[in-house]
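Chemist: The sequence isn't on hand, but the structure is:
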């Protein structure tokens, strides 16, 4: 009889406990309404598209100074690394042998010119006499041939004088362009030869300066296709403007222009060369420096930008976002992204103007859950600590 009472008491206790589990109270810790999430409403707007292309700087003009005559260098008149003007004297080759050759050619010309008048007068007299048959035709023909030979000798002597004058004019070596000189390969007293393979000095014009970058042919085709189908447009008067990032990541202060795009694709790299021109009055850019050019491609008039913190990717890399649908629930929306612009992704498909993208509270909800959308407010950047007080003296 006692055993039956104990069993009845235990069964009653279990039923009471089960009843308590079926009726949770407000203090059970479960949410009782929609979860509050921060959202960003995306809007279609005008976005200027740019791309960063790696490249190197190159001198605007390069002149390798070589001698055009043989001789000894008498003097060098410039300082290595200095800036020279076009026409400035750089080297002086010993002019003495070329001066003597010039004088000799002038003397030979004088002899040839002195022999011309009597031959010419004899030919003219015989021409009159042969007309009245006072002399034979052969005499006149011989006089005419002698005149032509003497005139040819005068022309040859004039050419020899001009050649000697040119050689003499080549003895001073002058700067063919304005620019900065490099290291000199010879010193006074060195023997140089005409058109030698090693230049005496190289002059480079650095203001303005070229920047040569490479762009893949696939990107070039994509850009052309977007322009042709109207997805992207040129940005009017600012088209072709280029900015520059230096090797350490700092922006270059001056803006350049796109000069031309090469018409040949490099078969080894599958890319084409783009050449830009930048002003360089302070010579901050030197030939051979590695830079990144920020080239403006065009403008998207109705572009959609989605915050990066609201875009997630699966194991295959497919991007998606959670949005608040018309019924106030979280819904998954697959999207296609093109590139990062600032802190956002450029979305090419999957979102429309006015969609609310959830960017805060993603860990607390699942697709289909009821949510309460509130505008997302970015956290303020941390304040900089005040400067330390100066120690008391």
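Modeler: Everything's here; your move. Since the model is a prediction, treat every value here as computed from it, not as a measurement.
Chemist: Quick one: the helices in the chain, in order.
Modeler: If DSSP state H is used as the criterion, the helices of the chain fall at 2-22, 96-131, 137-169, 217-228.
Chemist: I'd like those helices written out as a markdown table, with distance to residue 356 and mean pLDDT added.
Modeler: To be clear about C-beta, it is placed using only N, CA and C from the backbone, and glycine gets the same treatment. Listed next are the helices of the chain as a markdown table, based on distance: least, CB to CB, whole Å; pLDDT from 0 to 100:
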| stretch | distance to residue 356 | mean pLDDT |
| --- | --- | --- |
| helix 2-22 | 37 | 41 |
| helix 96-131 | 87 | 91 |
| helix 137-169 | 80 | 92 |
| helix 217-228 | 28 | 71 |
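Chemist: I'd like the ones you listed as JSON lines, with distance to residue 49 appended.
Modeler: Formatted as JSON lines, the entries for these read as follows, by distance: least, CB to CB, whole Å:
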{"stretch": "helix 2-22", "distance to residue 49": "60"}
{"stretch": "helix 96-131", "distance to residue 49": "62"}
{"stretch": "helix 137-169", "distance to residue 49": "56"}
{"stretch": "helix 217-228", "distance to residue 49": "9"}
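Chemist: and the lengthiest strand in the chain, what other elements does it pack with?
Modeler: Ordering each strand of the chain by length in residues (DSSP state E) puts strand 45-65 first. Using 3 or more CB pairs under 8 Å, 6 or more residues apart in numbering; DSSP states H and E as the contact definition, the elements that strand 45-65 packs against are strand 179-181, strand 201-216, strand 271-278, strand 290-307.
Chemist: can you do 6 Å?
Modeler: strand 201-216, strand 290-307 (3 or more CB pairs under 6 Å, 6 or more residues apart in numbering; DSSP states H and E).
Chemist: Quickly, which of those bottoms out on average pLDDT?
Modeler: Taking each of the helices and strands packed on strand 45-65 in turn, the one with the lowest mean pLDDT is strand 290-307, at a mean of 85.
Chemist: okay, the angle between that one and strand 201-216?
Modeler: For strand 290-307 against strand 201-216, the angle by axes from the mean of the first three to the mean of the last three CA atoms, to 10 degrees is 30 degrees.
Chemist: Give the buried residues for strand 290-307.
Modeler: Using 16 or more other CB atoms under 10 Å as the burial criterion, the residues of strand 290-307 that qualify are 291-293, 295-300, 303-307.
Chemist: related to what we said a few turns ago, could the helices and strands packed on strand 45-65 go into a markdown table alongside distance to residue 376?
Modeler: Shown next, in a markdown table, are the helices and strands packed on strand 45-65 (distance: least, CB to CB, whole Å):
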| stretch | distance to residue 376 |
| --- | --- |
| strand 201-216 | 37 |
| strand 290-307 | 8 |
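Chemist: Please name whichever of those is nearest to residue 133.
Modeler: Taking CB to CB as the measure, the helices and strands packed on strand 45-65 were each checked against residue 133, and strand 201-216 came out nearest at 71.5 Å.
Chemist: Please report how far residue 62 lies from residue 292.
Modeler: Using CB to CB, to the nearest Å, one obtains 24 Å as the distance from residue 62 to residue 292.
Chemist: Then residue 184?
Modeler: 34 Å.
Chemist: Report the contact partners of residue 168.
Modeler: 98, 99, 102 (CB atoms under 6 Å, 6 or more residues apart in numbering).
Chemist: related to what we said a few turns ago, nearest to residue 201 among the helices of the chain would be which one?
Modeler: Ranking those by distance to residue 201, with CB to CB as the measure, places helix 137-169 first at 19.4 Å.
Chemist: Show me how the chain divides into domains.
Modeler: Structural domains annotated on the chain: 46-58+204-375, 67-90+173-198, 95-170, as defined by automatic domain parsing.
Chemist: Give me the sheet partners of the longest strand of the chain and which way each runs.
Modeler: With DSSP bridges as the criterion, the sheet partners recorded for strand 45-65 are strand 201-216 (antiparallel), strand 290-307 (antiparallel).
Chemist: and that strand, how far from the chain's centre?
Modeler: Taking the mean of its C-alpha atoms, strand 45-65 sits 1 Å from the chain's own mean (CA atoms, centre = their mean, to the nearest Å).
Chemist: what mean pLDDT would you report for it?
Modeler: Taken as a whole, strand 45-65 carries a mean pLDDT of 90.
Chemist: List of residues touching that strand?
Modeler: For strand 45-65, the external contacting residues (CB under 6 Å, 6+ apart) are 176-177, 199-205, 208-213, 215, 285, 287-290, 292-301, 303.
Chemist: Tell me which residues of it come out buried.
Modeler: Within strand 45-65, the residues that count as buried by 16+ other CB under 10 Å are 47, 49, 50, 53, 55, 57, 58, 59, 60, 63, 65.
Chemist: Can you check what angle separates that strand from strand 271-278?
Modeler: Using the same axes, to 10 degrees, the interaxial angle of strand 45-65 with respect to strand 271-278 works out to 80 degrees.
Chemist: residues contacting residue 288?
Modeler: residue 56.
Chemist: From residue 335, how far off is it?
Modeler: Going from residue 288 to residue 335 by CB to CB gives 43 Å.
Chemist: Over to residue 58?
Modeler: Counting by CB to CB, the gap between residue 58 and residue 335 amounts to 41 Å.
Chemist: Also residue 192?
Modeler: For residue 192, the distance to residue 335 under the criterion CB to CB works out to 69 Å.
Chemist: Residue 62 now?
Modeler: According to CB to CB, residue 62 and residue 335 sit 50 Å apart.
Chemist: can you pull up the bridge partners for residue 305?
Modeler: Judged by DSSP bridges, the bridge partners of residue 305 are residue 346.
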